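structure here, sequence nowhere to be found:
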């Protein structure tokens with residue numbers, strides 16, 4: 001999957017680098033030292049989550065909130081198409097999503113005030129407005145802290161990278177970044193997990209025995225240095241994952257039937273969605289997927305028509321349908337969002353025009369768990385310049401996402417300075433999503 005630069009120069013790439021564990025040969029161990037899950041909490045309707053980040057800020061007026069009766073300088077070039085939900089219309093370039101609209105809910109008239117990519121991204125990835133003095137944890141980190149992961153699987157995975165930072169919780173709650181995306185029909189190797197460079201299981205077992213000897217030698221140091229506390233446990237987890245058939249097969253999309261794979265297509269985003277369904281089915285709790293390229297200041301309609309919308313349409317519709325086919329949609333919360341919308345009025349930066357940053361009005365999608373699909377929650381005005389009535393905020397969306405996962409968004413964590421911090425500072429659950 002390509003890495004995209006947005007107009008403010010921010011490069012969308014991995015925020016987590018999985019290190020190498022030196023002589024042990026178990027590079028995954030370093031990751032596991034940074035990814036220990038917290039205590040088990042009571043589950044909600046959804047047991048797993050998939051968060052899809054549309055980096056760059058997709059245009060709401062050209063996707064899920066068209067205004068065909070608005071003046072030409074607002075409505076753009078695309079026509080609406082009917083969906084399988086009466087009265088609901090999408091862009092004509094989202095025909096596959098239109099035919100599974102009953103499986104997800106659309107939030108319209110979502111609004112905030114942060115028009116810079118990085119600030120907007122931090123906001124929608126945490127549900128709390130960014131502060132210069134504090135970095136809030138993303139959804140993935142909170143989920144990892146609240147849920148116990150299987151010992152032979154990572155608790156959270158990002159494909160290929162993530163904006164889900166661990167924030168003040170600490171990097172031990174960051175997701176495992178795959179660093180790449182699957183290819184059709186090919187086994188998928190995850191950096192730090194596969195047995196590369198000619199290594200065999202037998203050699204890994206020898207190195208694991210060596211670790212036990214080293215741990216006995218340095219046992220007195222563990223109580224003196226928190227950086228190496230739990231070394232035995234994390235190396236044991238790394239060993240379990242690397243040698244686990246379940247773990248290796250969880251990432252191997254070539255194990256899926258050709259019939260199931262076909263709707264996902266062969267592009268990186270669709271293949272990432274295919275991998276996400278397989279990881280959820282295998283027991284991974286939280287998956288993030290990144291799809292960039294939405295920063296359409298110029299040539300908005302060509303870029304959306306020829307690339308972005310067909311890519312999103314194929315991958316996301318296959319994700320919803322694939323989860324439903326596997327019986328996983330009712331237990332998997334899905335959240336799709338960019339950092340903001342784009343200006344309703346078309347600019348003149350190119351021959352056909354473009355749309356600029358616009359946080360005052362945007363869309364989000366939610367599905368799975370207790371979310372009732374086939375509905376539109378919220379509404380924008382006649383030119384999509386803002387909410388028609390009360391605005392939905394990223395805080396409200398976050399509170400609803402956590403609610404769908406059985407996590408209390410008003411719960412407080414202590415920062416490393418002992419300061420109590422609420423998971424979502426100002427949000428409230430959007431009741432109609434679950435009615």
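Nice, thanks for sending it over. Small disclaimer: the values here were computed from a predicted structure and weren't measured.

for the helix or strand hosting residue 421, which residues meet the burial criterion?
In the assignment (DSSP states H and E), residue 421 maps to strand 420-422. For strand 420-422, burial by neighbour count (16 or more other Cβ atoms under 10 Å) applies to residue 421. The way it works is simple: take the backbone N, C-alpha and C, and place the C-beta from them, glycine included.

all helices for the stretch 301-435 of the chain, in order.
Along the stretch 301-435 of the chain, the segments classed as helices by DSSP state H, counting those that start in this stretch run 309-325, 394-404.

just name the most buried of those helices.
Relative to the other members of the helices of the stretch 301-435 of the chain, helix 394-404 carries the highest mean neighbour count by mean count of other Cβ atoms under 10 Å, namely a mean of 26.

any chance you could map the helices in the stretch 1-150 of the chain?
With DSSP H, counting those that start in this stretch, the ranges of helices along the stretch 1-150 of the chain come out as 27-33, 72-75, 95-98, 117-126, 139-146.

give me the angle between the last one and helix 394-404.
Pointing back at helix 139-146 there. Angle between the axes of helix 139-146 and helix 394-404 is 40 degrees (criterion: axes from the mean of the first three to the mean of the last three Cα atoms, to 10 degrees).

following helix 139-146, which helix or strand shows up next?
Using DSSP H and E, the helix or strand that follows helix 139-146 towards the C-terminus is strand 156-159.

right, and residue 357 touches residue 113 too?
No - applying Cβ atoms under 8 Å as the test, residue 357 and residue 113 come out as separate, 11.2 Å apart.

between those two, which is the more surrounded one?
In this comparison of residue 357 against residue 113, neighbours counted by other Cβ atoms under 10 Å, the higher total goes to residue 357 at 22 against 12.

contact partners for the more buried one?
By Cβ atoms under 8 Å, 6 or more residues apart in numbering, the contact set of residue 357 is 57, 115-117, 120, 340, 342-343.

please tell me how far it sits from residue 413.
The gap separating residue 357 from residue 413 is 31 Å, by Cβ to Cβ, to the nearest Å.

just for the stretch 1-150 of the chain, where's the confidence low?
With pLDDT under 70 as the threshold, the stretch 1-150 of the chain has low-confidence stretches at 1-5, 8-44.

just the strands from it, written as ranges.
48-54, 80-82, 89-91, 104-110 (DSSP state E, counting those that start in this stretch).

save those as a markdown table, and put in mean neighbour count too.
Below are the strands of the stretch 1-150 of the chain laid out as a markdown table (neighbours: other Cβ atoms under 10 Å):
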| stretch | mean neighbour count |
| --- | --- |
| strand 48-54 | 25 |
| strand 80-82 | 15 |
| strand 89-91 | 22 |
| strand 104-110 | 25 |
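
can I get the ones you listed in JSON lines with distance to residue 372?
Written out in JSON lines, the entries for these read as follows (distance: least, Cβ to Cβ, whole Å):
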{"stretch": "strand 48-54", "distance to residue 372": "17"}
{"stretch": "strand 80-82", "distance to residue 372": "20"}
{"stretch": "strand 89-91", "distance to residue 372": "18"}
{"stretch": "strand 104-110", "distance to residue 372": "7"}
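
from the middle of its chain, how far away would the strand holding residue 421 be?
Taking Cα atoms, centre = their mean, to the nearest Å, one finds the center of strand 420-422 at 23 Å from the center of the full chain.

that strand pairs with which strands, parallel or anti?
Strand 420-422 has the following strand partners under DSSP bridges: strand 412-414 (antiparallel).

what does the strand holding residue 421 rub up against?
When contacts are taken as Cβ under 8 Å, 6+ apart, the neighbours of strand 420-422 outside the stretch itself are 134, 136, 168, 409-415.

most neighbours of all those, which one?
Within the contacts of strand 420-422, residue 136 tops the neighbour count with 26 neighbours, counted by other Cβ under 10 Å.

gap between that one and residue 249?
On the measure of Cβ to Cβ, residue 136 and residue 249 end up 35 Å apart.

check residue 357 too.
Counting by Cβ to Cβ, the gap from residue 357 to residue 249 is 43 Å.

so who does the residue nearest to residue 150 when sequence neighbours are not counted touch?
Here the nearest residue to residue 150 in space, its sequence neighbours aside, is residue 283; by Cβ to Cβ, 6 or more residues apart in numbering that works out to 4.9 Å. Contact criterion Cβ under 8 Å, 6+ apart gives 149-150, 153, 246, 250 as the residues in contact with residue 283.

cool, residue 392 as well?
Residue 392 makes contact with 107, 109-111, 364, 377-378, 430 under the criterion Cβ under 8 Å, 6+ apart.

can you pull up the bridge partners for it?
Note on residue 392: beta-bridge partners by DSSP bridges are residue 110.

ditto for residue 291
With DSSP bridges as the criterion, residue 291 is bridged to residue 54.

can you report how many residues lie near it?
The number of residues packed near residue 291 is 26, by other Cβ under 10 Å.

surely it meets residue 58?
No - under the criterion of Cβ under 8 Å, residue 291 makes no contact with residue 58, lying 9.2 Å away.

let me have the contacts of strand 420-422 in a markdown table, extended by distance to residue 53.
Output for those, formatted as a markdown table (distance: Cβ to Cβ, whole Å):
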| residue | distance to residue 53 |
| --- | --- |
| 134 | 21 |
| 136 | 16 |
| 168 | 21 |
| 409 | 19 |
| 410 | 25 |
| 411 | 24 |
| 412 | 26 |
| 413 | 23 |
| 414 | 28 |
| 415 | 25 |
